[in-house]
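Peer 1: Sequence and predicted structure, then a few things I'm wondering about:
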Number of protein chains: 2
Amino acid sequence: MAKYNKVSEAVIRRLPKYYRYLKDMEKNGVQRISSRELSDKMGLTASQIRQDFNCFGGFGQQGYGYNVSELCNEIRKILGLHKNYNVIIAGAGNLGQALANYIGFEREGFYIKAIFDVNPRLIGMSIRGIQIMDIDAMKDFITNNDIQVGVVCVPKDKAQEVTNQMVESGIKSIWNFAPIDVETPDDVAVENVHLSDTLYTLVYKMNEI
Amino acid sequence: MAKYNKVSEAVIRRLPKYYRYLKDMEKNGVQRISSRELSDKMGLTASQIRQDFNCFGGFGQQGYGYNVSELCNEIRKILGLHKNYNVIIAGAGNLGQALANYIGFEREGFYIKAIFDVNPRLIGMSIRGIQIMDIDAMKDFITNNDIQVGVVCVPKDKAQEVTNQMVESGIKSIWNFAPIDVETPDDVAVENVHLSDTLYTLVYKMNEI
DNA sequence: TATATATCGTTAAAAAAATAACAAAGCATA
DNA sequence: TATGCTTTGTTATTTTTTTAACGATATATA
């Protein structure tokens, strides 16, 4: 699968940002953009932008710049957003429900197929047509429904256990929101999102100013 | 305010992670830890850990290591979590409500004082005793209630406008969840949290494996 | 008390990332 | 068509970040 020789983490983390800006420009009818203009908008250097894009092959043209919608499409493909993904959420608490309610994911091809929880009062309910099911049914559901992405929204002390269950059932991507770094085998991708971390960094910066 | 000579962004972004691990160890009764042990737990190098801590002065002792609760406290102070902060949330949608419902922030001294929205059906309701008010009342509320942190959970096209209102009212920290990079004057700290970005990075990694 | 061991703080080296520089290639204009 | 301008892709340089090395200092043990 690995299409490109070892692209650095730093570059990869910038891809979604490029994608955001390009999508926006495309929507606004912008047809072409130079690395210079893009650098102004995004607060990066033009040099970095050109180098980043060149990790994946040159999408631009000398004397012209980049075609916005073409570039946008390339980045969509690089990120893998041209494909669809089936998703489940473990944990129907505040955050789990908020994610289930958010329609933006579907627009990028992420389809939430079910939510799982331990709370009997939640089981049986549904959010936007997505059923909340007993967490004991999760492993079977994953196996039978071709689920690629598992979202972990359970409390901290259950996060690793739930992750393990997802991994055992064949999920290859874990998007974890519990405030702990969950671990996965080498062949399972994981993103530990720590919302509080950014809040703490924020107040650090505020106090530093 | 700037206590330490230019600590790099990379180091600052690791502080919350140290804090998380140390808090956990402290809770579990661990009294001392060496940079070596900590590096094993956290997946960093011991060298990096020692260098990071030394940006803020040495907290350890040769031949012994670090006292966990002492170190934890130091990092708490460095981040500014020994103080309390008054917070408001703009946008009582899914995410705004989820954040308001999350009790973890209070444990670190972040007190949510009010939520603001445009929706008349939400205005007047309350979440955990936190009132949802008309967004037109936001500026006055900020001015009169010593608010330091503003959380932006409004739709993308209103995010910059709401940010501006917060800044005009004297808020010094913006924690933005709208999928756009909001901009602030130099003396106002901002963290643009893009949840989708981490999802996209996740599937990139999955496809790469 | 003396000696061996552990571990920090700090300086040095290596690696990675960002920036700058510039030739090559296309566009635009006369 | 010829000439000047723009802008890329790519190589070189600089800066930043990470890792390694090691003297100094404390602990632990005999």
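Peer 2: Yep, it's here.

Peer 1: Work out for me the element the residue nearest to the spatial centre of chain A sits within.
Peer 2: Closest to where the C-alpha atoms of chain A average out (Cα atoms, centre = their mean) is residue A:175, at 7.6 Å. Per DSSP states H and E: residue A:175 is located in strand A:173-176.

Peer 1: I'd like the next helix or strand past that strand.
Peer 2: According to DSSP H and E, the helix or strand after strand A:173-176 is strand A:189-192.

Peer 1: Pairing partners for that next one, with directions?
Peer 2: In the sheet, strand A:189-192 lines up against strand A:173-176 (parallel) (DSSP bridges).

Peer 1: Return the distance of the partner strand from the chain's centre.
Peer 2: How far strand A:173-176 lies from its chain's middle: 9 Å, per Cα atoms, centre = their mean, to the nearest Å.

Peer 1: got the buried residues for it?
Peer 2: A:173, A:174, A:175, A:176 (16 or more other Cβ atoms under 10 Å in any protein chain shown). For glycine as for every other residue, the C-beta is placed from the backbone atoms N, C-alpha and C.

Peer 1: same thing with stretch A:83-92?
Peer 2: Applying 16+ other Cβ under 10 Å to stretch A:83-92 flags A:85, A:86, A:87, A:88, A:89, A:90, A:91, A:92 as buried.

Peer 1: now, which of those lie close to chain B?
Peer 2: Restricting these to those near chain B by Cβ under 8 Å from any Cβ of the partner chain leaves residue A:85.

Peer 1: among the buried residues of stretch A:83-92, which two are most distant?
Peer 2: Largest separation among the buried residues of stretch A:83-92 by Cβ to Cβ: A:85 and A:92, giving 20.0 Å.

Peer 1: near DNA strand C at all, stretch A:13-31?
Peer 2: No - Stretch A:13-31 lies out of reach of DNA strand C by Cβ under 7 Å from any atom of the strand, never closer than 7.5 Å.

Peer 1: any residues touching that stretch, and which ones?
Peer 2: Stretch A:13-31 is touched from outside by A:33, A:38, A:41-42, A:44, A:49, A:52, A:67-69, A:71-72, A:75-76, A:78-79, A:81, B:179-180, B:194, B:196-197, B:200-201, B:204, with contacts defined as Cβ atoms under 8 Å, 6 or more residues apart in numbering or on different chains.

Peer 1: before we move on, the earlier item: with pLDDT and secondary structure added, can I get the buried residues of stretch A:83-92 in a markdown table?
Peer 2: Listed next are the buried residues of stretch A:83-92 as a markdown table, based on pLDDT from 0 to 100; DSSP: H, G, I helix; E, B strand; the rest coil:
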| residue | pLDDT | secondary structure |
| --- | --- | --- |
| A:85 | 98 | strand |
| A:86 | 98 | strand |
| A:87 | 98 | strand |
| A:88 | 98 | strand |
| A:89 | 98 | strand |
| A:90 | 98 | strand |
| A:91 | 98 | coil |
| A:92 | 97 | coil |
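
Peer 1: roughly how far apart are the residue of chain A most remote from its centre and DNA strand C?
Peer 2: Distance from the C-alpha centroid of chain A peaks at residue A:63, with 34.4 Å (Cα atoms, centre = their mean). The gap separating residue A:63 from DNA strand C is 3 Å, by Cβ to the nearest atom of the strand, to the nearest Å.

Peer 1: quick one: secondary structure of that residue?
Peer 2: coil (DSSP: H, G, I helix; E, B strand; the rest coil).

Peer 1: for the nearest residue to residue A:37 once chain neighbours are set aside, what are its contacts?
Peer 2: Counting by Cβ to Cβ, 6 or more residues apart in numbering or on different chains, residue A:37 lies nearest to residue A:65, which is 7.6 Å off, once chain neighbours are set aside. Shown in contact with residue A:65 (Cβ under 8 Å, 6+ apart): A:32, A:33, A:34, A:35, A:37.

Peer 1: What residues are recorded as beta-bridge partners of the residue nearest to the centre of chain A?
Peer 2: Here residue A:175, judged by DSSP bridges, has bridge partners residue A:151, residue A:191.

Peer 1: cool, residue A:110 as well?
Peer 2: residue A:85.

Peer 1: who are the neighbours in contact with it?
Peer 2: With the criterion set at Cβ under 8 Å, 6+ apart, residue A:110 makes contact with A:84, A:85, A:87, A:149, B:199.

Peer 1: Equivalent analysis for residue A:58, please.
Peer 2: Residue A:58 neighbours (Cβ under 8 Å, 6+ apart): none.

Peer 1: and the longest helix for chain A?
Peer 2: The longest helix of chain A (DSSP state H) is helix A:9-27.

Peer 1: What parts of chain A come near DNA strand C?
Peer 2: A:8-11, A:44-45, A:47-48, A:50-51, A:61-64.

Peer 1: quick one on the thing from earlier: out of the contacts of residue A:110, flag the one nearest to DNA strand D.
Peer 2: For these, the residue nearest DNA strand D by Cβ to the nearest atom of the strand is residue B:199; the value is 23.2 Å.

Peer 1: neighbouring contacts of the helix or strand hosting that closest one?
Peer 2: In this assignment (DSSP H and E), residue B:199 forms part of helix B:195-208. Identification of contacts with helix B:195-208 by Cβ under 8 Å, 6+ apart yields A:1-3, A:12-13, A:15-17, A:19-20, A:78-81, A:85, A:104-105, A:108, A:110, A:148-149, A:172-175, A:189-191, A:193, B:177, B:179.

Peer 1: and these, which are buried?
Peer 2: For the contacts of helix B:195-208, buried by 16+ other Cβ under 10 Å: A:12, A:15-17, A:19-20, A:78-81, A:85, A:105, A:108, A:110, A:148-149, A:172-175, A:189-191, A:193, B:177, B:179.

Peer 1: How many residues are close by residue A:107?
Peer 2: 9 (other Cβ atoms under 10 Å in any protein chain shown).

Peer 1: tell me the domain boundaries of chain A?
Peer 2: Following automatic domain parsing, one gets these domains for chain A: A:9-79, A:85-196.

Peer 1: Pull up the distance across the last one, start to finish.
Peer 2: According to Cα to Cα, to the nearest Å, domain A:85-196 extends 27 Å from its N-terminal end residue to its C-terminal end residue.

Peer 1: Tell me the gap between it and the middle of its chain.
Peer 2: Centroid separation for domain A:85-196 versus its chain: 13 Å, with Cα atoms, centre = their mean.

Peer 1: what do you get for the shortest one?
Peer 2: Computed by Cα atoms, centre = their mean, the separation of domain A:9-79 from the middle of its chain amounts to 19 Å.

Peer 1: buried residues in stretch A:129-140?
Peer 2: So, applying 16+ other Cβ under 10 Å, buried residues of stretch A:129-140: A:130, A:132, A:133, A:135, A:138, A:139.
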